[in-house]
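dropping a prediction and its sequence here:
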Amino acid sequence: MKTFDIPLFYKSPVISRIKNSRKLNDPRKTDYSPTELDFGSVIFYIARHFGFCYGVENAIEISYKALEENPGKRIFLLSEMIHNPDVNNDLVERGVKFLMDTSGKQLIDWNILTSDDIVIVPAFGTTLEIEKQINQKSIDPLKYNTTCPFVEKVWNRADSLGKNGFTVIVHGKYKHEETRATFSHSKESSPTLIIRDISEAVTLGDIILGKKNSSEFYKIFSDRYSAGFDPSRDLNSIGVVNQTTMLATETQSIADYLYDVMTEKFSLENIREHFSDTRDTLCYATHDNQKATYGLLEKKADMALVVGGYNSSNTSHIYELCEEKLPTYFISTADKILSKIAISHFDFYNQKELTTSNFIPQKNPVKIILTSGASCPDSIVDEVLQKILSYFEDAKSIDDVMNEYFSTGNKLN
Ligand code: SF4
């Protein structure tokens, strides 16, 4: 896989070295068990796969290149480049400005743009309508286009479904930039509908089977179907694609459920005309991160720390998987660990930060799962590890533990 030129400050002396070593030891990713770092009084289980993915590194490389190549010019990002506050803040400190926030709300009027400005398209891609706006300002939106190729792959899949007469069902969060972009591209060639989860798939199934009528469809899926969508016509042949960062198991359940619904309505004999088996369109990073999370959860740990931006979809799914099994704290930076006894963390279900006391169990050793989302720099995960370690005075040093790790045959990059 291509390697990217990303600033050194995003890498780290512990986490990046461990990750690189695992890659060298197991290039085909046959082993998803975590790395165990035993500091004596505290043991960390580090996920086999997490952190910056292909699309994020690609976006970072292009954005820093845009800064380097255009001194003195005004540089705008359509919205957050990726969902990580540290990375976005660093770009802002270097003079980059955001035109919109993540919900699509305009922060800077299009009218201030001139043909001399640079506009960077984020890793999630953008809508055709926004691309048109930028073109109208005589700015080439593709010059610094960081749209991830795995997102473009979904757009291509949706396009080919449409050309073959299928309606596209997008499993995604309709307010997420990537899903808005996928919807915009997909509706060019096919009727398109966004559904959020399996319960909405069940509702859609009821509409397909005539248990619910069209007016209920328009009410329930308001704002999430393409113009002119007619449920009596457009739900006879369907295919499912997804936002690349959804929970893989949920996309599979949705596809399986809708396959059964279409079979019930049109019979198994005719299913190929009515349901296109697209397989899931999750990207490799989401797949690997979720698989590595299942690997982590096989360990008997006392708590988990999941690091990432609170608006990061893939991080929230890792959090959900961990949180089902053990006390889990979703934090954006090491600063959120306020002291040995207090942590400020994101309550994903209520979308707000909470402070929890006595979050580290009184045990010896304490076993901690540590992982992050695809947009989180290794350096931040390192800071989290070091901060926790600082509370264990009798813990072995990082140098000793790293030397032990590399002396047991693990490859050193
Ligand atoms: S998570 Fe996947 S789709 Fe998203 S930027 Fe990374 S590689 Fe691309």
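Here it is on my side, so go on.

roughly how far apart are I337 and T356?
11 Å (Cβ to Cβ, to the nearest Å). No exception for glycine: its C-beta is placed from N, CA and C like everyone else's.

likewise E57?
E57 is 33 Å from T356, by Cβ to Cβ.

neighbour count for the two, which is higher?
E57 (21 against 14; other Cβ atoms under 10 Å).

show me what from this structure comes close to the ligand.
Contacts of the chain with the ligand, taken as Cβ under 6 Å from any ligand atom, map to 53-56, 123, 148, 150-151, 244-245, 283, 285-286, 314, 374.

again, 8 Å this time
By Cβ under 8 Å from any ligand atom, the residues of the chain that approach the ligand are 53-56, 58-59, 82, 123-124, 148-151, 178, 244-245, 282-286, 314, 374-375.

what sits against the residue nearest to I130 when sequence neighbours are not counted?
The spatial neighbour of I130 that comes closest, neighbours along the chain excluded (Cβ to Cβ, 6 or more residues apart in numbering), is L78 at 6.5 Å. L78 is in contact with 98-100, 119-122, 126, 130, counting by Cβ atoms under 8 Å, 6 or more residues apart in numbering.

what do you get for Y319?
Y319 neighbours (Cβ under 8 Å, 6+ apart): 306, 328, 330, 348.

pLDDT value on it, please?
Looking at Y319, its pLDDT stands at 97.

quick one: the strands in the stretch 251-400 of the chain?
Secondary structure of the stretch 251-400 of the chain (DSSP state E, counting those that start in this stretch): strands at 275-276, 303-307, 328-331, 337-339, 342-347, 352-357, 366-372.

how far does the third one sit from the chain's center?
Put plainly, it is strand 328-331. 16 Å (Cα atoms, centre = their mean, to the nearest Å).

elements contacting it?
strand 303-307, helix 313-323, strand 342-347 (3 or more Cβ pairs under 8 Å, 6 or more residues apart in numbering; DSSP states H and E).

how does it look with 6 Å?
strand 303-307, strand 342-347 (3 or more Cβ pairs under 6 Å, 6 or more residues apart in numbering; DSSP states H and E).

for it, which positions count as buried?
328-331 (16 or more other Cβ atoms under 10 Å).

show me the contacts for the residue positioned nearest the centre of the chain.
The structure's the chain has its C-alpha centroid closest to N314; by Cα atoms, centre = their mean the separation is 3.1 Å. When the contact criterion is Cβ atoms under 6 Å, 6 or more residues apart in numbering, the partners of N314 are 245, 286, 373-374.

8 Å - rerun?
245, 285-286, 289, 308, 373-375.

all the helices of the stretch 151-300 of the chain, residue numbers only.
Along the stretch 151-300 of the chain, the stretches classed as helices by DSSP state H, counting those that start in this stretch are 177-186, 198-208, 214-220, 231-234, 248-266, 271-274, 284-297.

got the domain ranges for this structure?
Listed domain ranges for the chain are 8-52+284-407, 54-145, 150-276 (source: automatic domain parsing).

how about the contacts made by the residue in the stretch 151-300 of the chain that the ligand sits nearest to?
Nearest residue of the stretch 151-300 of the chain to the ligand: C283, at 3.1 Å (Cβ to the nearest ligand atom). C283 makes contact with 53-55, 148, 150-151, 153, 244-245, according to Cβ under 8 Å, 6+ apart.
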